[in-house]
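Asks: Provide a 3D model corresponding to the input given below.
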Amino acid sequence: MKSLPFSLEELQNIVAQYPTPFYIYDETAIRENARNLIQAFSWNPGFREYYSVKTAPNPTLVELLKQEGCGADCASETELLLAEATGLCGEQIMFTSNNTSAEEYRQAVRLGAIINLDDTGHIDFLKNSAAIPDLVCCRYNYGGELRYRGKTVLNFADNKTGATKDQIIAGFRTLSQLGVKRFGLHAQFGGHQVDAAYFGEAIRPLFFLAVELYQTCGIKLEFINFAGGLGIAYAPADSPADIMAVSAHIRRAYEEILAAGDLGSIPLYAELGQFMTGPYGYFVSSVLHIKQTGKQFVGLDASTNSFMSPLRYNDYHHISVPGKESLPADQTYDLTGALCEGGKDRFAVNRALPRLAVGDLIVFHDAGAYAYAHSHNYNGKLRPAELLLAADGNAKQIRRAETPADYFATLRFPGSKYGMLS
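Replies: Numbering: from 1, shown residues only. From the prediction side, this is the model:
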């Protein structure tokens with residue numbers, strides 16, 4: 001069974017102050033995980049984690065990880081402004097975007113962020129839009145398929161991100177002519193991998209390109225940035241990625257390839273999101289109705305507009321029913337919301353749970369990544385609040401729930417009683 005960082009009584013006290021539905025994040029666990037990551041890569045001087053803001057775009061979480069020595073990986077103007085609001089600036093920010101606008105480049109240059117070019121064809125666009133900074137990173141598309149143990153992990157030929165090896169070599173030469181003195185290299189690993197050996201294999205093409213850049217262009221990289229890929233344990237029987245083992249496999253490839261290429265020590269950067277916060281967030285809802293037709297439907301006081309992950313990414317999120325942990329899971333339910341979507345608005349299908357009653361609290365595990373970030377307003381449903389379970393055990397609100405006034409705020413239509421539409 002998966003455990004919760006609060007008891008039924010503690011959760012009831014939280015709900016009394018902050019009604020369901022809401023997300024709640026475990027500060028202590030997030031901090032401990034960040035420290036474990038940094039410790040795992042302590043063999044690499046200069047290692048830094050750039051937390052992927054898109055994972056859970058709340059400045060409180062970004063600030064929390066900043067305190068643990070992490071930077072922020074941003075993909076848009078708004079995410080850059082969010083990082084800035086936490087006090088991050090300069091090379092504490094990695095700007096990893098694609099199909100990038102001139103205004104986004106200008107914001108990144110203003111902040112002194114590391115610009116990670118998705119397309120070396122953007123060099124002139126960057127120069128004309130903002131400026132060519134002293135440090136530029138380029139995003140590498142390996143080409144073909146990234147395969148592991150006979151399975152395709154990532155089809156780069158069908159992936160819009162990154163530049164080819166030849167494009168990066170040519171781009172680095174152009175950037176050198178434009179005055180760039182420091183270079184970084186970045187690549188995406190694919191998603192949700194838990195086999196530690198996979199990472200040692202997946203990073204090798206990135207290291208080989210670093211050697212080739214040194215041998216052909218005389219460029220020693222300022223850093224090598226590996227992004228994403230570390231999986232978490234959604235089901236109780238699953239095992240998460242072992243960060244110490246992952247680091248050991250990456251270290252072996254690092255020493256075999258970079259040291260043999262006379263490159264010495266190059267700092268490694270990581271852009272992790274799901275691994276950093278995913279297991280330490282919970283989505284809490286309450287049973288509103290129970291309906292019996294051809295099967296048992298449990299209607300929650302939330303809809304999947306608030307928590308899309310069971311539909312979009314992972315069809316299983318473990319569920320706890322606080323106070324009923326010791327009861328037999330002898331009932332089968334579909335847990336649903338209130339959207340006008342008969343077959344899609346479901347958090348769980350044919351899930352074995354204890355007998356439920358109206359008012360029961362329902363807690364979905366592993367909701368700390370790509371969860372609130374994907375919420376939306378279909379059917380006029382409003383986004384929920386976000387809370388932080390602070391290290392002292394108290395819950396504090398870090399984002400209030402939306403109201404109808406928020407929903408109407410951007411509309412321009414006269415005569416609304418909300419006073420927000422004119």
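Asks: And the residue lying closest to residue 1 once chain neighbours are set aside, how close does it get to residue 316?
Replies: Excluding its sequence neighbours, the residue lying closest to residue 1 (CB to CB, 6 or more residues apart in numbering) is residue 236, at 6.0 Å. C-beta here means a position set from N, CA and C on the backbone, and glycine is covered the same way. As judged by CB to CB, to the nearest Å, residue 236 and residue 316 stand 10 Å apart.
Asks: Could you pull out the helices in the stretch 101-250 of the chain for me?
Replies: 102-111, 123-129, 165-177, 196-202, 204-217, 243-254 (DSSP state H, counting those that start in this stretch).
Asks: how about residue 300, what does it touch?
Replies: 21, 285-288, 335-337, 347, 362 (CB atoms under 8 Å, 6 or more residues apart in numbering).
Asks: Quick check: ChimeraX command selecting the buried ones in these.
Replies: Selecting just the buried residues from the contacts of residue 300 in ChimeraX takes one command, with 16 or more other CB atoms under 10 Å as the test:
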select :21,285,286,287,335,336,337,347,362
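Asks: Let's see which of the contacts of residue 300 end up in strands.
Replies: Judged by DSSP state E, strands contain the following of those: 285-288, 335-336, 347, 362.
Asks: re the thing from before, what's near enough to touch the residue nearest to residue 1?
Replies: 1-2, 318.
Asks: pretty sure residue 46 contacts residue 267?
Replies: Yes. Under the criterion of CB atoms under 8 Å, residue 46 makes contact with residue 267 at 2.9 Å.
Asks: Residue 273 contacts residue 54, doesn't it?
Replies: Yes. With contact defined as CB under 8 Å, residue 273 and residue 54 form a contacting pair (6.8 Å).
Asks: Residues in contact with both of these two, list them for me.
Replies: In contact with both residue 273 and residue 54: residue 370, using CB under 8 Å, 6+ apart.
Asks: which of those two has more neighbours?
Replies: More crowded of residue 273 and residue 54, by other CB atoms under 10 Å: residue 273, with 22 against 17.
Asks: Can you check the pLDDT for that one?
Replies: Looking at residue 273, its pLDDT is 92.
Asks: and residue 307, how far is that from residue 261?
Replies: Here residue 307 is placed at a distance of 46 Å from residue 261 (CB to CB).
Asks: Where does pLDDT dip in the stretch 1-150 of the chain?
Replies: 148 (pLDDT under 70).
Asks: which stretches of it form strands?
Replies: Counting by DSSP state E, counting those that start in this stretch, the stretch 1-150 of the chain has strands at residues 22-26, 48-52, 71-74, 93-96, 114-117, 135-140, 145-148.
Asks: possible to save those as TSV with distance to residue 351 and mean neighbour count?
Replies: Listed next are those as TSV, based on distance: least, CB to CB, whole Å; neighbours: other CB atoms under 10 Å:
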stretch	distance to residue 351	mean neighbour count
strand 22-26	20	25
strand 48-52	30	25
strand 71-74	34	28
strand 93-96	37	26
strand 114-117	41	27
strand 135-140	40	23
strand 145-148	31	17
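Asks: and residue 101, how many neighbours does it have?
Replies: 13.
Asks: Spell out which residues sit in contact with it, please.
Replies: residue 77.
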